[in-house]
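Colleague: All I have is the shape, not the residue letters:
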């Protein structure tokens, strides 16, 4: 059991009385006020007042006494449960008095991740500053819980709905702008000035629509955000003893199944060239046999690989069908 005390308090106030039983007045003539505490006539009621606890923790590194006081609980049982949890965490080495915020911790943790490759570091940096800090940065690490992380993802889902609507509105504005441009272009000269005005208005509407956020954070990106937070909180729990649990592990996300890659075929290449539409979210090339020969050619700042395609794969050997490949 924790070593401390649990007690009840209420915020009711009353006048300060002098020795003669009369209220003591301030300089402005109003009665001085004080908290009634146990003298409150409603203090004995179950639903009146809140419960608090206080305890002494093991001395810190400087040997000074450390005292914890928390309150605002509706029942005595809830205050005792929270006190016991805090006591157990302190006995396990958790720094329950740390005032470090999530923002400060994430920036410290990111600075230590020198093991990450450059692209991964840029992804972490973007997510920390664009997603994690705005949603969680002001919360103290000792107060962080799964509900805070779940609320962050729920806000992402709501943003996705709005961004999808913005994307649809931008596409509609683009079509209207193209129609207005065609109407002006196809008109006989001298063109009516109202057609130019309509085209200008459509362009301004399109610019306004494109200023609104349209980025969709899909299930795969959400899973990546969760995994990054989980890695940071694992470090906070196991290495720095700032928290008692990795709260990210309990976050519930929509089920995500990575898209199945589809192989580029002659028919799919022809369809893409004609319509600009891919047959799937992930498209891959299958090299024909015999296996292509690889040669290295120097280029500015990097080394490129060029492929010798066999004559059995004319579609793959086309630079238009495979941008970036250099057939030899």
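Modeller: Now that the structure is in, tell me what you want to look at. As the structure is a computational prediction, the values presented were derived from the model and not from experiment.
Colleague: Leaving out sequence neighbours, find the closest residue to the spatially most central residue of the chain.
Modeller: Compute the mean C-alpha point of the chain, and by CA atoms, centre = their mean the closest residue is residue 131, 3.6 Å away. Spatial nearest neighbour of residue 131, excluding adjacent residues (CB to CB, 6 or more residues apart in numbering): residue 225 at 6.3 Å. Every C-beta, even on glycine, is put in place using the N, C-alpha and C of the backbone.
Colleague: And for residue 33?
Modeller: residue 13 (4.7 Å).
Colleague: what do you get for residue 170?
Modeller: Residue 170 sits nearest to residue 209 (CB to CB, 6+ apart), 4.1 Å away.
Colleague: next helix or strand past the helix or strand where the one you found lies?
Modeller: Using DSSP states H and E, residue 209 falls within helix 193-211. Next helix or strand after helix 193-211 toward the C-terminus (DSSP H and E): helix 219-238.
Colleague: Which parts of the chain are helices?
Modeller: Assigned by DSSP state H, the chain shows helices spanning 76-91, 102-112, 118-127, 133-136, 146-186, 193-211, 219-238, 266-275.
Colleague: possible to save the ones you listed as a markdown table with mean pLDDT, mean neighbour count and distance to residue 66?
Modeller: Output for the helices of the chain, formatted as a markdown table (pLDDT from 0 to 100; neighbours: other CB atoms under 10 Å; distance: least, CB to CB, whole Å):
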| stretch | mean pLDDT | mean neighbour count | distance to residue 66 |
| --- | --- | --- | --- |
| helix 76-91 | 85 | 16 | 9 |
| helix 102-112 | 96 | 17 | 21 |
| helix 118-127 | 95 | 13 | 34 |
| helix 133-136 | 96 | 16 | 26 |
| helix 146-186 | 96 | 15 | 26 |
| helix 193-211 | 96 | 15 | 52 |
| helix 219-238 | 95 | 17 | 20 |
| helix 266-275 | 90 | 13 | 66 |
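Colleague: what's the closest of these to residue 254?
Modeller: Closest of the helices of the chain to residue 254 is helix 219-238, at 5.3 Å (criterion: CB to CB).
Colleague: Run through who's touching that closest one.
Modeller: The contact list for helix 219-238 (CB atoms under 8 Å, 6 or more residues apart in numbering) reads 105-106, 109, 123-124, 127, 131-132, 141, 149, 153, 156, 217, 242-249, 251, 253-256, 258.
Colleague: Ok, stretch 190-200 next?
Modeller: 177, 180, 181, 183, 184, 187.
Colleague: need those in TSV with distance to residue 202, can you?
Modeller: Shown next, in TSV, are the contacts of stretch 190-200 (distance: CB to CB, whole Å):
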residue	distance to residue 202
177	4
180	4
181	8
183	10
184	10
187	15
